[in-house]
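*Asks:* sequence? don't have it. structure:
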C-alpha cells in the first residue's frame, strides 16, 4: 500500500512497505519445482551441445549455436536465482546449484555474489555505486581519450551490449577483481575451480577431436562447443541486463536523491516475453521489478508478486511487451546522462558549450 501525502509533507516511500503487499505464497520454494526447472535446463543444454557434436552443416551449426547460447543463458538464470538463495529451501543446496549452473557461462559464483547480489542490487541505478550499465556524463565523455570514446560508442550501440557485459561485468568486476578481506580466499579458490574445470573440458574436447579427426578437429571442437556458445551467451545476457535498466524513461539517481524505493521500483521493468521462450530459457527474469523489490522471491512466483505490486503501485510499475524496436530506440537515445536533470542525452551534448 502507498502512504497518503499531506499538504505539509511528501510521502515516505519504503521498500519494506512494498514488500508488505506481496502474498506470503510468493516466498514458497518447493524443491520439486526447482528440480523440474533444473532438469529441463540441463536437458536443453545437453541436447543442444550433443547435436552440435554430430552436426556439420553450416546452417545447422549456426542455429544450434544460437540455441546453445540460449541454453547457457537458461542455466545461468537458474544459477542466478540460486545465488540469491531463492531457488531451493536449503542455503547450502542453493550455493552448490549456483556454482554448477554458472559453469557453462564461466562465472565465478562467489565473485558474482559480491558484484551482482551485494552491489548491483544494493545500489541499483545509484550514481557512483551501481557499476552495471552506469552511464557517463557529458563531462566524463569529453575527458575520455579517442580509444575510450570509440569503445563507449561501440558498447552503447545496439550491437555492443555483449562487449560491454563481457568487459565490464564478466572480466573487470569478476575475473580481474579480487577484493581484500574475508571474501578474498573464497573468490580465489572459486576462480581456480572454474578455470580448472574449463581447462579440463577444453583439453578433453581437443584430445577427442585430435583422435577423431586430426589437428583441425582438435582446434575446432572446443571453439564449436564451448567458445562460441559462451560468446553468444555474453551477448544475450548483456542485452538482457541492458533492457532491465536502460530506457529513455528509466532514471539513474544522484547519490543524495537515491533511495532503495527509487532504485528498485522506478528504475526497473516488467517486460512480457513469449511463453515458450520464457519457459525454455529465461525463467521470468524479465519480470524484474519484484526481483529487485525482494530477491528472496523464486523465479516461478515473480509474475504473481508483480501483479500484487502493480495493484498497490499502478503508477510506478513500468510494464511493456519486450520489443526489438524499443531496444533499438533506447540504444539510439541513451548515450550519456545528466544526473542533475535526470535525462538521457545524445553524444552531441558532450560537444555543447
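*Replies:* Structure received. Note that the coordinates shown come from a computational prediction; the quantities given were computed from them, not determined experimentally.

*Asks:* any idea how the chain splits into domains?
*Replies:* For the chain, automatic domain parsing gives the domain ranges 1-28+272-322, 33-271+325-350.

*Asks:* Output those domains in a markdown table, with mean neighbour count appended to each entry.
*Replies:* For glycine as for every other residue, the C-beta is placed from the backbone atoms N, C-alpha and C. A markdown table is the format used below for the domains of the chain (neighbours: other C-beta atoms under 10 Å):
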| stretch | mean neighbour count |
| --- | --- |
| domain 1-28+272-322 | 16 |
| domain 33-271+325-350 | 17 |
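
*Asks:* Determine the set of other helices and strands touching the helix or strand hosting residue 199.
*Replies:* Taking DSSP states H and E as the definition, residue 199 sits inside helix 183-213. If contacts are counted by 3 or more C-beta pairs under 8 Å, 6 or more residues apart in numbering; DSSP states H and E, helix 183-213 sits against helix 109-112, helix 215-222.

*Asks:* Which one of those helices lies nearest to residue 51?
*Replies:* Nearest to residue 51 among these is helix 215-222; the distance by C-beta to C-beta comes to 13.9 Å.

*Asks:* which other residues reach whichever helix or strand comes after that closest one?
*Replies:* Moving toward the C-terminus from helix 215-222, the next helix or strand (DSSP H and E) is helix 228-245. With C-beta atoms under 8 Å, 6 or more residues apart in numbering as the test, helix 228-245 has contacts from 49, 65-66, 68-73, 76, 104-106, 124-125, 132-133, 161-166, 169-170, 267-269, 271, 282, 285-286, 288, 322, 326-327, 330.

*Asks:* any chance you could map the strands in this structure?
*Replies:* 270-272, 319-321, 336-338, 343-345 (DSSP state E).

*Asks:* Out of these, the one nearest residue 189 is which?
*Replies:* Closest among these, using C-beta to C-beta: strand 270-272, at 36.5 Å.

*Asks:* Show me what the closest one is in contact with.
*Replies:* Outside strand 270-272, the residues touching it (C-beta under 8 Å, 6+ apart) are 243-244, 286-289, 306, 310, 317-322.

*Asks:* These: which two are farthest apart?
*Replies:* Longest span within those, C-beta to C-beta: 243 and 310, 18.8 Å.

*Asks:* export the helices and strands packed on helix 183-213 to CSV and tack on distance to residue 345 and mean pLDDT?
*Replies:* Shown next, in CSV, are the helices and strands packed on helix 183-213 (distance: least, C-beta to C-beta, whole Å; pLDDT from 0 to 100):
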stretch, distance to residue 345, mean pLDDT
helix 109-112, 31, 96
helix 215-222, 43, 96
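
*Asks:* Out of these, flag the one nearest residue 21.
*Replies:* Of these, nearest to residue 21 by C-beta to C-beta is helix 109-112, at 29.5 Å.
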